[in-house]
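Colleague: With the sequence up front, the predicted model follows.
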Amino acid sequence: MYNDKVLKEFSNPQNVGVIENADGVGVVGNASCGDIMKITIKVENDVITDAKFQTFGCTAAIATSSCATQMVIGMTLDEALKLTNAQVVEYLEGLPPQKVHCSVLAEEAIKKAIEDYKSKQN
Ligand code: FES
């Protein structure tokens with residue numbers, strides 16, 4: 001069902017955990033499957049310097065969280081806000097069609113964490 005890249009990311013996920021004193025926290029869930037994803041970020045001078053995730057979910061949700069956190073580290077907030085689930089799926093060299101919706105959680109969690117950071121600045 002899953003390609004090698006997805007399975008590798010799932011079995012050796014990067015950036016697992018929670019950042020203490022995170023600058024932004026994003027928690028999202030998928031109502032249909034009940035999976036939950038939490039992403040915490042550190043921000044310095046509008047650049048994401050660290051990102052970690054905790055995902056209670058399926059293989060695709062864990063693989064996409066791992067990818068999304070790796071992709072946004074080093075990005076400016078504006079760049080990270082433009083990250084789409086399609087880019088995450090591309091990074092993973094594809095997901096089974098019925099699992100593409102899982103990658104939406106990663107996009108949403110990153111966006112929520114950034115929104116949380118921005119709301120704390122105001
Ligand atoms: Fe719920 Fe994948 S089945 S996120």
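Modeller: Great, that's in hand. What you are looking at is a predicted structure, and each value in this text was computed from that prediction instead of being measured.

Colleague: can you pull the buried residues of the host helix or strand of Ile62?
Modeller: Using DSSP states H and E, Ile62 falls within helix 59-72. Neighbour-count burial for helix 59-72 flags 59-72 (criterion: 16 or more other CB atoms under 10 Å). The C-beta positions use only the backbone N, C-alpha and C, and glycine is treated the same way.

Colleague: which helices and strands does the helix or strand just after it pack with?
Modeller: Going down the chain from helix 59-72, the next helix or strand is helix 77-81, by DSSP H and E. Contacts defined by 3 or more CB pairs under 8 Å, 6 or more residues apart in numbering; DSSP states H and E place helix 77-81 against strand 47-56, helix 100-121.

Colleague: Any idea which of those gets closest to Val28?
Modeller: helix 100-121 (4.4 Å; CB to CB).

Colleague: related to what we said a few turns ago, ok, and which of the buried residues of helix 59-72 reach the ligand?
Modeller: Near the ligand, judged by CB under 6 Å from any ligand atom, the entries from these are Ala60, Ala61.

Colleague: Arrange the buried residues of helix 59-72 in TSV, one row each, with pLDDT as further columns.
Modeller: Formatted as TSV, those follow (pLDDT from 0 to 100):
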residue	pLDDT
Thr59	96
Ala60	96
Ala61	96
Ile62	97
Ala63	97
Thr64	96
Ser65	96
Ser66	97
Cys67	96
Ala68	97
Thr69	98
Gln70	97
Met71	97
Val72	98
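
Colleague: Nearest to the ligand among the buried residues of helix 59-72?
Modeller: Ala61 (3.8 Å; CB to the nearest ligand atom).

Colleague: what's near enough to touch that closest one?
Modeller: Asn30, Asp35, Met37, Thr55, Cys102, Leu105, Ala106 (CB atoms under 8 Å, 6 or more residues apart in numbering).

Colleague: let's see it at 7 Å
Modeller: With contacts defined as CB atoms under 7 Å, 6 or more residues apart in numbering, Ala61 is in contact with Asp35, Met37, Thr55, Cys102, Leu105.

Colleague: With distance to Leu95 as new columns, can those be given to me in JSON lines?
Modeller: Shown next, in JSON lines, are the contacts of Ala61 (distance: CB to CB, whole Å):
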{"residue": "Asp35", "distance to Leu95": "14"}
{"residue": "Met37", "distance to Leu95": "15"}
{"residue": "Thr55", "distance to Leu95": "15"}
{"residue": "Cys102", "distance to Leu95": "7"}
{"residue": "Leu105", "distance to Leu95": "12"}
